[in-house]
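Asker: My questions concern the predicted model and sequence given below.
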Amino acid sequence: MSGYEGDGGNAGSQDGGPRDGGRSFDDDRRNSSGRQRSASRSRGDDRSRTSQAPSERRKRTDPARMAAFDVLREVDESDAYANLVLPPLLRERHIRGRDAGFATELTYGTLRLRGRYDAILATCVDRPLPGLDPALLDALRLGAHQVLGMRVPVHAAVSETVGLARNRVGAGPAQMVNAVLRRVSERPLDEWLSILEKEAPDALTGLAATESHPLWIARAMREALAGNGRDADEIGDLLAADNVSPRVTLVARPGLVDVSDEAAWGDVDLVAGRWASTALRLEGSDPSGIPAVREGLAGVQDEGSQLVTLALAGAPLEGRDERWLDLCAGPGGKAALLAALAAQRGATLVANEVAPHRARLVEKTLAALPDGAVEEVRTGDGREVGADEPGAYDRVLVDAPCTGLGALRRRPESRWRRTPSDLGALTALQRELLASALDAVRPGGVVAYVTCSPHLAETQLVVSDVLKKRDDVERLDTPAAVRSAVRAGGGADEIPLSDRDDVQLWPHVHGTDAMHLTLLRKMDRR
Ligand SMILES: C[S@@+](CC[C@H](N)C(=O)[O-])C[C@H]1O[C@@H](n2cnc3c(N)ncnc32)[C@H](O)[C@@H]1O
């Protein structure tokens, strides 16, 4: 299942880019060594420290680094999502401000760039990395990220990580951490990356290592670029874009809140989104204090998600336009935008979701919509809707469960979890859901097939396979619908779209998740 904004996503985090070396974390509380000063030391009161025995002092580990390590272990051992585990852990341990920022960058940056660091570490460790204790390997990765990705001075990165390893893994492993990190620190990042490029058997393998992606994903992305009429050589830019945490984008749900309503947005800096009329970019990272967000009049939503939803709502339609369906609605980001747009036209939305807990999230997300905008939130298998309610809807969204390869920048660990074997079951489900949507829409009605993956097997191939079996569906001009959805003054003619009848958005081109959209019309044979 793909990672989604509004789904507890890490949209609130801003964990710095990879090749720029990140930021240094020096201020009053976190000194130029990236080490946290204790509250007593910040006050110039060193009594607590001097009253401790040296052996006790050595055991004290920086809480921010400890938090990052503990999250990494939970991600590894329990398949946890870092963006769901880290924020409560920081709250629980009272890690705030710059220290929380340091822990966040350390956690997400290490997870995201794990492939790069493993390739470097493999040249510094005298045995295969998979044979190492996983906790030791995580400590090494954390150390590598501090040295190569965060501009923490080497002596601090090494000694703090050695202390962490001693505390959490053991004295022997701590010695190894010391030796290995010293080797890592012998070269700057650029030199390491050149070595990885040179030693790779081919350019794509080198790029996958330096930009920290599994090779199968790098390959699939390159095929997706070419299959969407773009230059396959953009692959480097695309993979690099996955390594940069996206800015937080909000959706102002039409009719619920106005962009110009200052009270609704509170004391935050917002700028208009690049493409969607509903999009606002937050100059900062924490949207939770914004009144409009708290009240559900606005939400966190990638601009690509907004654009595809607006394109479905605006696609030309003759005749009845009263009942809309979101077939796979959880957790409800697109359903809320659709319902807001439907309400403005006197139409209503049915939101369907197979997982009960996600259906409850949809209910929550839709709670602020005006009476009558939402006909029903229901828990059910979308594959059955077409047979149960043939021709019952005028517009249908299929935001299909997918690999989420288009949203890797949001879920730092997801690229390491996905495998090519996920594709078989997902694409079968995607075909069935699309077929059901086409049955559920009335003749003349419109279906939007959406994925947050650019993988050709999940996008173009699903659509062409489903259409092969039917003679009652035509493809619409999806780029035209997307251009119409671009906000006034946003340069509808400037949005780079390929010469195809579907649309693929890209992080490195559009600054959005890599959303795919195909618009289809059920033919009216009357
Ligand atoms: C990509 S997410 C949808 C995201 C949502 N549109 C949003 O913007 O918040 C796909 C959703 O499809 C649901 N799903 C999976 N299989 C389904 C099925 N057979 N019928 C309906 N929903 C399904 C998943 O539980 C997941 O919530």
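Answerer: Arrived safely. Numbering: from 1, shown residues only.

Asker: Identify the residues contacting the longest helix along the chain?
Answerer: Determined from DSSP state H, the single longest helix within the chain is helix 422-440. Helix 422-440 has contacts (Cβ atoms under 8 Å, 6 or more residues apart in numbering) with 325, 327-328, 382-387, 389-393, 396, 398, 400-403, 447, 449, 451, 455, 457-458, 461-463, 465-466, 469-470, 472-473, 520, 522. All C-beta atoms are positioned from the backbone trio N, CA, C, and that covers glycine.

Asker: rerun at 7 Å
Answerer: The contact list for helix 422-440 (Cβ atoms under 7 Å, 6 or more residues apart in numbering) reads 325, 327-328, 382-387, 389-390, 392-393, 396, 398, 400-403, 447, 449, 457-458, 462, 465-466, 470, 473, 520, 522.

Asker: show me what contacts Pro507?
Answerer: 238, 241-242, 409, 513-514.

Asker: Quick one: those residues as TSV, columns for secondary structure, distance to the ligand and pLDDT too.
Answerer: As requested, these are exported to TSV (DSSP: H, G, I helix; E, B strand; the rest coil; distance: Cβ to the nearest ligand atom, whole Å; pLDDT from 0 to 100):
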residue	secondary structure	distance to the ligand	pLDDT
Leu238	helix	21	98
Ala241	helix	20	98
Asp242	helix	18	97
Arg409	coil	16	95
Asp513	coil	11	98
Ala514	coil	13	98
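
Asker: what's the most distant pair in those residues?
Answerer: Pairwise distances across these (Cβ to Cβ) peak at 12.0 Å, for the pair Leu238 and Asp513.

Asker: which one of the two has more residues nearby?
Answerer: Applying other Cβ atoms under 10 Å to Leu238 and Asp513 shows that Asp513 carries more neighbours, namely 29 against 25.

Asker: Please determine how far that one is located from Asp381.
Answerer: 26 Å (Cβ to Cβ, to the nearest Å).

Asker: cool, and Leu113?
Answerer: 39 Å.

Asker: quick one: which of the two has more around it?
Answerer: A count of neighbours by other Cβ under 10 Å puts Leu113 above the other of Leu113 and Asp381, at 23 against 14.

Asker: I figured the more buried one hits Gln146, correct?
Answerer: No. In this structure Leu113 lies outside contact range of Gln146 using Cβ atoms under 7 Å: 11.6 Å.

Asker: So Ala329 belongs to a strand, correct?
Answerer: No. Counting by DSSP: H, G, I helix; E, B strand; the rest coil, Ala329 falls outside a strand, being coil.

Asker: And the helices in the stretch 151-300 of the chain?
Answerer: 154-168, 171-184, 189-199, 203-210, 215-227, 235-242, 262-265, 291-294 (DSSP state H, counting those that start in this stretch).

Asker: Tell me how the chain divides into domains.
Answerer: Annotated domains of the chain cover 19-42+53-189, 304-522 [automatic domain parsing].

Asker: okay if I get these as JSON lines plus distance to Glu234?
Answerer: Shown next, in JSON lines, are the domains of the chain (distance: least, Cβ to Cβ, whole Å):
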{"stretch": "domain 19-42+53-189", "distance to Glu234": "16"}
{"stretch": "domain 304-522", "distance to Glu234": "7"}
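
Asker: Check those for me: which has the lowest mean pLDDT.
Answerer: Lowest mean pLDDT within the domains of the chain: domain 19-42+53-189, a mean of 86.

Asker: How far off centre is it?
Answerer: Mean C-alpha position of domain 19-42+53-189 versus that of the full chain (Cα atoms, centre = their mean, to the nearest Å) differs by 23 Å.
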